[in-house]
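Trainee: here you go, sequence then predicted model.
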Amino acid sequence: MTPVVCDTCGNQVLCEKYSPAHLQIQWTADTAAACPRIAAQAAGSAGTPAARVPDCTALRTAVDSAVDTGRLEVTRREQP
């Protein structure tokens, strides 16, 4: 997995991409504590279960930039 740092809050996540549509993110810290945007989304739900996983557009932009500059490669996962 490749480290990617959010340009907005400085949080680091680990990423893998096996196709242009696929993105796997592993958080290295508690998500809500590390990302102010996700924390705000979680606070807005007021205890009701979320219909989808919270998202951070700033982090998505950082991941897209890492792909565009070649820091995060889109690789194919080969099956034996």
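Mentor: Perfect, I can see it now. The structure displayed is predicted, hence computed values, not measured ones.

Trainee: next up, the contacts around the closest residue to Pro20 other than its chain neighbours.
Mentor: Nearest residue to Pro20 in three dimensions, chain neighbours excluded: Val74, at 6.2 Å (C-beta to C-beta, 6 or more residues apart in numbering). C-betas here are computed from N, CA, C, even on glycine. Counting by C-beta atoms under 8 Å, 6 or more residues apart in numbering, Val74 touches Lys17, Tyr18, Ser19, Pro20, Val67.

Trainee: beta partners for Val74?
Mentor: Taking DSSP bridges as the rule, Val74 bridges to Lys17.

Trainee: quick check, nearest of the contacts of Val74 to Val5?
Mentor: Val67 (14.1 Å; C-beta to C-beta).

Trainee: helices or strands next to the strand or helix carrying the closest one in the packing?
Mentor: Secondary structure assignment for Val67, by DSSP states H and E: helix 57-68. Where contact means 3 or more C-beta pairs under 8 Å, 6 or more residues apart in numbering; DSSP states H and E, helix 57-68 is packed against strand 2-5, strand 12-16, helix 36-44.
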